[in-house]
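*Asks:* okay, here's the prediction I keep looking at, along with the sequence it came from:
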Amino acid sequence: MDKALFDDLVGSLKEAKAIASGKAKASRRFEVSAPDVKRVREKIGLSQSEFARLMRVSIKTLQNWEQHRRSPTGPAAALLKIVSTAPDLALRSLHT
């Protein structure tokens, strides 16, 4: 491996460690807030069971999201954002 590249990687790891331990601040931070799940579901006109099946989650999980006992994270939050923003495209993609 090129020494310059190796040194850059080591520097990045040290920076990551400092950020993780709270000794340094991240240069940027992204927060993806999930849209209101119930509003998204009602917007596309699906029942809870249909929407849970579409999202590939249990109906209990969907109910917890809708009642704000839990919040979707990771891929589920991203998929909800896509369904909220472009419902026709998302439904067409997920149903094929």
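*Replies:* The structure has been received and is ready for your questions. Just so it is clear, the structure is predicted and the values come from calculations on it, not from any experiment. Numbering: from 1, shown residues only.

*Asks:* mind listing what L46 touches?
*Replies:* L54 (CB atoms under 8 Å, 6 or more residues apart in numbering). (C-beta placed from N, C-alpha, C; glycine too.)

*Asks:* ramachandran angles for it?
*Replies:* When read as degrees, to the nearest 10, the backbone of L46 gives phi -110, psi 150.

*Asks:* distance check, it against K3.
*Replies:* 56 Å (CB to CB, to the nearest Å).

*Asks:* ditto for T61
*Replies:* For T61, the distance to K3 - CB to CB - is 49 Å.

*Asks:* which one of these two has more residues nearby?
*Replies:* T61 (16 against 7; other CB atoms under 10 Å).

*Asks:* residues contacting the more buried one?
*Replies:* A52, R70.

*Asks:* which SSE is it in?
*Replies:* helix 59-66 (DSSP states H and E).

*Asks:* list the buried residues for that helix?
*Replies:* T61, L62, N64, W65, E66 (16 or more other CB atoms under 10 Å).

*Asks:* what's the answer for stretch 66-78, then?
*Replies:* Result for stretch 66-78 [16+ other CB under 10 Å]: buried residues E66, P72, A76, A77.

*Asks:* angle of the helix or strand where the third one lies against helix 59-66?
*Replies:* So that's A76. Using DSSP H and E, A76 sits in helix 74-85. Interaxial angle of helix 74-85 relative to helix 59-66 (axes from the mean of the first three to the mean of the last three CA atoms, to 10 degrees): 70 degrees.
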